[in-house]
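Asks: Build me a structure from this.
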Amino acid sequence: MNTNISRRNFVKAGAVAGMGLGLAACGGNSGSSDGSSSDTIKIGLMGPYTGDVAQYGLACRYGAELYVKQVNSNGGINGKQIELDTQDEKGDATEAVNVYNKLVEDGVVGIIGDVTSTPTIAVAQASVKDNMPCVTPSATAADVISYGKNYFRACITDPYQGKLMADFAADQGYKTVGVIYNQGGDYEQGVADAFIEEAGKKGVTVSDSEGYPSGATDFNSQLTNIIATNPDAIFSPNYYQDDGKIVTQARKLGYTGVFMGADGWSNIVGGDEEYASAEDLEGCYYDCSFVSENEDEKVQDFIKAYKDEYNDTPSNFCALGYDAAMILLNAIETVEKDGKATYGSDDYKQAIVDAVASGTANGVTGDISYSGTGDPVKSTLIITFKGGAQEVFKTVEGK
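Replies: Numbers count the residues shown, from 1 in each chain. Next up, the predicted model:
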């Protein structure tokens, strides 16, 4: 997944978080190792806030911090303020485990994070021994939730997206579809594999599947091979920087048909750069959990609050960070109101895990619940491009 938080606003928004949410409203970036005082509840917030994938971590962080600020402004939970212990893992799996261990030492009772899949898997493996309640906003790899019952995610998975878009292709009446994907990316490969498998089950023929190496900028060879099969549509489940070039190059080669994608398309328009023209994207489709064009009232309320806080429009990642915080804090509220478990104890953490598993969050990316695993049951949006703008084409309800 990706975020369209403006690059020029990263530094500005980070300063706001540090001066406002990170230090004042949320009680500071770190705390003593003896855990929470009697009037605070300490939770961890971790992600890549510097390094190559900082844009994703920062977007999730800003959304999570906004939700925590709102909770604290409304009196906190059971009269207690939420104290965020915020740690940067720099996009590195080893550093992520070090950060996790520090959060445990600091006495957090739950963690929002990690963000990208590889570090999150490392944290998930480490967290099992502590039964630490964790909610990742955005790690989509299937393995994330496979190590213990304590790990949950707010986002949909790579395999789910591939299946969803193959079903959508069948529903649209496409008989043949070409596939182009980054063969060096776990996300892209995972979505593409699931699409191809489900397409076969739905009677959709994959006319040609073409991989390309990470870092490629010229896709003409792969596209020429795909276009030669005369497909009804082309599935391009990559990140927006690649997808924009792919769509543009395909149009120059004469392909006028439909492109489909996954949530990596989320920044293809609307950010500081347009990665493909409105004309080239007209009538294309992709799936994601959130777009600012969604007219749902709770979505628009979130967008207003986010703009008021950061002077920027939130993206899919920002919304998922907000919802991950909501999921964890809703569960803590349930445990606090129940009052049977001693704060910070093993029973307290287990109660949080149980409350997440049995609860529902009315998130800005949809109503989120769980049914036996850490994968959410939630709705997903199919987005299309019309008249130079994005709009919600349909909502697919979770199962």
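
Asks: In the stretch 251-399 of the chain, where is pLDDT below threshold?
Replies: Applying pLDDT under 70 to the stretch 251-399 of the chain picks out residues 270-273.

Asks: For stretch 339-356, list the C-alpha coordinates in CSV.
Replies: Extracted in CSV, the C-alpha atoms of stretch 339-356 (Å, rounded to 0.1, in the frame of the first residue of the first chain):
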residue,chain,number,x,y,z
GLY,A,339,-12.0,-3.9,35.7
LYS,A,340,-11.1,-7.6,36.4
ALA,A,341,-7.5,-7.6,35.2
THR,A,342,-4.6,-5.8,36.9
TYR,A,343,-3.1,-3.2,34.6
GLY,A,344,0.1,-4.5,32.9
SER,A,345,-0.4,-8.1,34.0
ASP,A,346,-0.5,-11.1,31.7
ASP,A,347,-4.2,-11.3,32.3
TYR,A,348,-4.6,-7.7,31.2
LYS,A,349,-2.8,-8.3,27.9
GLN,A,350,-4.8,-11.5,27.3
ALA,A,351,-8.0,-9.6,28.0
ILE,A,352,-7.0,-7.0,25.4
VAL,A,353,-6.3,-9.7,22.8
ASP,A,354,-9.7,-11.3,23.5
ALA,A,355,-11.4,-7.9,23.3
VAL,A,356,-9.8,-7.1,19.9
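
Asks: buried residues in it?
Replies: 341, 343-344, 348-353, 355-356 (16 or more other C-beta atoms under 10 Å). From N, CA and C alone the C-beta is placed, and that goes for glycine too.

Asks: And for stretch 208-223?
Replies: By 16+ other C-beta under 10 Å, the buried positions in stretch 208-223 come out as 208-212, 216, 219, 222-223.

Asks: circling back to that earlier point, I'd like the buried residues of stretch 339-356 laid out as a markdown table, including secondary structure.
Replies: Below are the buried residues of stretch 339-356 laid out as a markdown table (DSSP: H, G, I helix; E, B strand; the rest coil):
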| residue | secondary structure |
| --- | --- |
| 341 | coil |
| 343 | coil |
| 344 | coil |
| 348 | helix |
| 349 | helix |
| 350 | helix |
| 351 | helix |
| 352 | helix |
| 353 | helix |
| 355 | helix |
| 356 | helix |
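
Asks: ok, those vs residue 136, which is closest?
Replies: Proximity of the buried residues of stretch 339-356 to residue 136 (C-beta to C-beta) peaks at residue 356, which lies at 12.1 Å.

Asks: show me the contacts for the closest residue to that closest one other than its chain neighbours.
Replies: Spatial nearest neighbour of residue 356, excluding adjacent residues (C-beta to C-beta, 6 or more residues apart in numbering): residue 331 at 4.3 Å. Residue 331 sits next to 110, 133, 352-353, 355-356, 359 when contact means C-beta atoms under 8 Å, 6 or more residues apart in numbering.

Asks: redo that, cut-off 10 Å
Replies: Counting by C-beta atoms under 10 Å, 6 or more residues apart in numbering, residue 331 touches 110, 133, 135, 152, 351-359, 361.

Asks: show me the contacts for residue 117.
Replies: So residue 117 contacts 93, 124, 136, 138-144, 157-158, 186-187, 190 (C-beta under 10 Å, 6+ apart).

Asks: Likewise for residue 169?
Replies: Residue 169 touches 175-177, 195, 198-199, 202, 204, 206, 232-233, 235, 258, 260, 285, counting by C-beta under 10 Å, 6+ apart.

Asks: Could you confirm it falls within a helix?
Replies: Yes. Looking at residue 169 with three-state DSSP, it is inside a helix.

Asks: Can you measure across stretch 284-294, start residue to end residue?
Replies: Taking C-alpha to C-alpha, to the nearest Å, stretch 284-294 runs 17 Å from one end to the other.

Asks: could the buried residues of stretch 339-356 go into CSV alongside distance to residue 316?
Replies: Putting these into CSV (distance: C-beta to C-beta, whole Å) gives the following:
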residue, distance to residue 316
341, 34
343, 34
344, 34
348, 32
349, 29
350, 31
351, 31
352, 26
353, 26
355, 26
356, 21
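
Asks: Farthest-apart pair in the buried residues of stretch 208-223, please.
Replies: Most distant of the buried residues of stretch 208-223, by C-beta to C-beta, are 208 and 216, 17.0 Å apart.

Asks: Bridged to the residue lying closest to residue 39 once chain neighbours are set aside, which residues?
Replies: Nearest non-adjacent residue to residue 39, counting by C-beta to C-beta, 6+ apart: residue 80, 5.4 Å away. Under DSSP bridges, the beta-bridge partners of residue 80 are residue 77.

Asks: my guess is residue 293 contacts residue 299, does it?
Replies: Yes. With contact defined as C-beta atoms under 10 Å, residue 293 reaches residue 299; the gap is 9.2 Å.

Asks: Pick out whichever of these two has more residues nearby.
Replies: residue 299 (20 against 14; other C-beta atoms under 10 Å).

Asks: Does residue 305 touch residue 62 like I think?
Replies: No. With contact defined as C-beta under 10 Å, residue 305 does not count as touching residue 62 (11.3 Å).

Asks: intersection of neighbour lists for the two?
Replies: Here residue 305 and residue 62 have 314, 322 as joint contacts, going by C-beta under 10 Å, 6+ apart.

Asks: Among those two, which residue is more densely surrounded?
Replies: Neighbour totals were compared for residue 305 and residue 62, and residue 62 leads with 28 against 17 (other C-beta under 10 Å).

Asks: Touching, the more buried one and residue 320? I think so.
Replies: No. Counting by C-beta under 10 Å, residue 62 does not reach residue 320; the two are 11.3 Å apart.
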